[in-house]
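1. how does the following fold in three dimensions:
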Amino acid sequence: MPSRADDELEIMRLLARLAQAVDDRDADAYRDCLADEVVCLVPDASPNEVWRAMPGATYARQAVESVSGFDWTHHRLGNFVIVVDGEQAHGKVDVVAQLQAPKADDGGAPSRLTIGGRYDLEFGKVATEWRITKRHMRTRYTFREG
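-> The predicted model follows:
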């Protein structure tokens, strides 16, 4: 029977696979990190945040499409705080994502965007593997170069 430390390590590996999948533009690998439904914040016309469940495949496709216009992206994760409670877990993880925009039509240098923030996450065991069931990233800073 796995220990809590084993579960925490598996969740950290899950998050690393998710970051690599989006950087590789691999929607299938991204989807494999998610539960069948993922609860996330969706844009809403009202000033309130609205949480909604969406199919994991849809969430994965949208996540990969959101970065596909960049030449490359690189996500770095750290400061993992994961709390496991049986078949459920939650956690907070810091993220720094760098995104390289395509070269400008005018021949100018492409711009680079750096976004830092913190993910709030929930996880559930599906069969014997952990999957993300709820996800949100709160942006803490943004830098633009070029």
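2. who does the longest strand along the chain touch, helix- and strand-wise?
-> When the chain is parsed with DSSP state E, its longest strand is strand 129-145. Under the contact definition 3 or more CB pairs under 8 Å, 6 or more residues apart in numbering; DSSP states H and E, strand 129-145 sits against helix 4-23, strand 34-42, strand 112-126. Where C-beta positions appear, they are placed from N, C-alpha and C, glycine not excepted.
3. go through the ones you listed and name the closest to W51.
-> Between W51 and those, the shortest separation by CB to CB is 5.6 Å, and it involves strand 34-42.
4. what strands line up against the closest one, and which way round?
-> According to DSSP bridges, strand 34-42 has the following sheet partners: strand 50-55 (antiparallel), strand 129-145 (parallel).
5. quick revisit: got the angle for the longest strand of the chain vs helix 4-23?
-> 50 degrees (axes from the mean of the first three to the mean of the last three CA atoms, to 10 degrees).
6. average pLDDT for strand 129-145?
-> Across strand 129-145, pLDDT averages out at 94.
7. any idea of the angle it forms with strand 112-126?
-> Using the same axes, to 10 degrees, strand 129-145 lies at 170 degrees relative to strand 112-126.
8. so who does the closest residue to Q88 other than its chain neighbours touch?
-> Leaving aside its chain neighbours, Q88 sits nearest to G124 (5.7 Å; criterion: CB to CB, 6 or more residues apart in numbering). Counting by CB atoms under 8 Å, 6 or more residues apart in numbering, G124 makes contact with A35, E87, Q88, A89, W130, R131, T133.
9. and for E87?
-> Neighbouring residues of E87 by CB under 8 Å, 6+ apart: G124, K125.
10. separation between it and T133?
-> 11 Å (CB to CB, to the nearest Å).
11. in stretch 112-124, what counts as buried?
-> Neighbour-count burial for stretch 112-124, counted by 16 or more other CB atoms under 10 Å, picks out R112, L113, I115, G116, G117, R118, Y119, L121, E122, F123.
12. from F70, how far out is the first one?
-> Right, R112. 9 Å.
13. contacts for stretch 51-60 next, please.
-> Residues contacting stretch 51-60 (CB under 8 Å, 6+ apart): 27-28, 30-31, 34-42, 131, 134.
14. no further questions, thank you.
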